[in-house]
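**Student:** The following block contains a protein sequence and its predicted model.
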Amino acid sequence: MQSYKKIRLKRVRDNQTETHYRSFASIFFIDLSLLSELSDHFLGKSRMNLVIDFGNTTGKVALFDGDQLIKLIRPVGLEDISAIESEFSPAYCIISSTGISPLSIKEKVQIESIVLTPKVQLPFQIAYATPDTLGLDRIAATAGANFQYPNENCLIVDMGTCITYDLLIDNCYKGGGISPGLDMRFKALSNFTANLPLVGIEEETPLVGDSTKGSILSGVVNGLAAELDGIISKYCDKFGPLRVLICGGDYIFFENRLKGSIFAAPELVLQGLNGILRYNVS
């Protein structure tokens, strides 16, 4: 009987030891997994996405960790791409270019890359009569609004070389409008008249210009602000409450000049490109 108790006690102790070992091992491996995730987050370059965007006038590169923009480099040229990739070792890349051939950019990139076209899979539908002619910046900006404000109806105003208005209703891109950008308006007055000078944007814009320069500033800047307010108002009247987002290089001159509730989203196009990339590689 005594030896039976000893054997039974030994088995109980062995079982307890095995249970403790398994518990310890389980905790240990969980910690290793957590440590690996933390290491990837802080040190793992393979988690990053490379976003390359070449517009009509300049190029820029952004690095994202998940949906977080961690670095923005601009301006960049084609010759800078390889060095940027080597320095940060991203996992994936998306390329959008209207200024130069996207294939010439892709040749500079060694990692798996997506070139944005209207045929790339998107998280929203496109109800545009000529989708093959839809601007890549318009697709990306709409994607940025869609990812940031899912299930909301949005109007995106991108103030770049041209001003674009893009409407997203019930997760479907409906179209919008295109008009001359701020710089284009100044240049048009100079290029298509004999005596008007070329004027650039200034911080203070008079309502009543007391000189030719002041009159041009008043007409272009105040006229564009009135256009923006009027167009936004018409969209909201027709389609109901909209989240209005403004982005692009010239947004900063108008975010405080406009009426109504306007949300500034300066990097909306880059965020949209990153979202499209994640949507396609996940």
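**Tutor:** Arrived safely, thanks for sending.

**Student:** ok, residues contacting stretch 267-282?
**Tutor:** 49, 51, 53, 60, 62, 64, 66-67, 69, 72, 92-94, 96, 112, 114, 116, 120-123, 137, 139-148, 156, 158, 245, 247-248, 265 (C-beta atoms under 8 Å, 6 or more residues apart in numbering). Heads up, the C-betas are built off the backbone N, CA and C, glycines and all.

**Student:** CA atoms only for that stretch - export them in PDB, please.
**Tutor:** Listed next in PDB are the C-alpha coordinates belonging to stretch 267-282 (Å, rounded to 0.1, in the frame of the first residue of the first chain):
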ATOM      1  CA  GLU A 267      -2.200  64.100 -47.500                       C
ATOM      2  CA  LEU A 268      -5.500  62.500 -48.600                       C
ATOM      3  CA  VAL A 269      -4.100  61.300 -51.900                       C
ATOM      4  CA  LEU A 270      -1.100  59.500 -50.300                       C
ATOM      5  CA  GLN A 271      -3.400  58.000 -47.700                       C
ATOM      6  CA  GLY A 272      -5.700  56.800 -50.400                       C
ATOM      7  CA  LEU A 273      -2.900  55.200 -52.300                       C
ATOM      8  CA  ASN A 274      -1.700  53.400 -49.200                       C
ATOM      9  CA  GLY A 275      -5.200  52.200 -48.600                       C
ATOM     10  CA  ILE A 276      -5.500  50.900 -52.100                       C
ATOM     11  CA  LEU A 277      -2.200  49.100 -51.700                       C
ATOM     12  CA  ARG A 278      -3.300  47.500 -48.400                       C
ATOM     13  CA  TYR A 279      -6.600  46.500 -49.900                       C
ATOM     14  CA  ASN A 280      -4.900  44.700 -52.800                       C
ATOM     15  CA  VAL A 281      -2.100  42.900 -50.800                       C
ATOM     16  CA  SER A 282      -4.100  41.900 -47.800                       C
END
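
**Student:** Would you mark the buried spots in that stretch?
**Tutor:** Using 16 or more other C-beta atoms under 10 Å as the test for burial, stretch 267-282 gives 267-279.

**Student:** got it, and stretch 179-196?
**Tutor:** 181-183, 185-186, 196.

**Student:** try stretch 100-111
**Tutor:** Neighbour-count burial for stretch 100-111, counted by 16+ other C-beta under 10 Å, picks out 102, 105-106, 108-109.

**Student:** Can I get these in TSV including secondary structure and pLDDT?
**Tutor:** As requested, the buried residues of stretch 100-111 are arranged in TSV below (DSSP: H, G, I helix; E, B strand; the rest coil; pLDDT from 0 to 100):
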residue	secondary structure	pLDDT
102	helix	92
105	helix	94
106	helix	95
108	coil	94
109	coil	95
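
**Student:** Export those as TSV, with columns for distance to residue 77.
**Tutor:** Output for the buried residues of stretch 100-111, formatted as TSV (distance: C-beta to C-beta, whole Å):
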residue	distance to residue 77
102	15
105	11
106	15
108	10
109	14
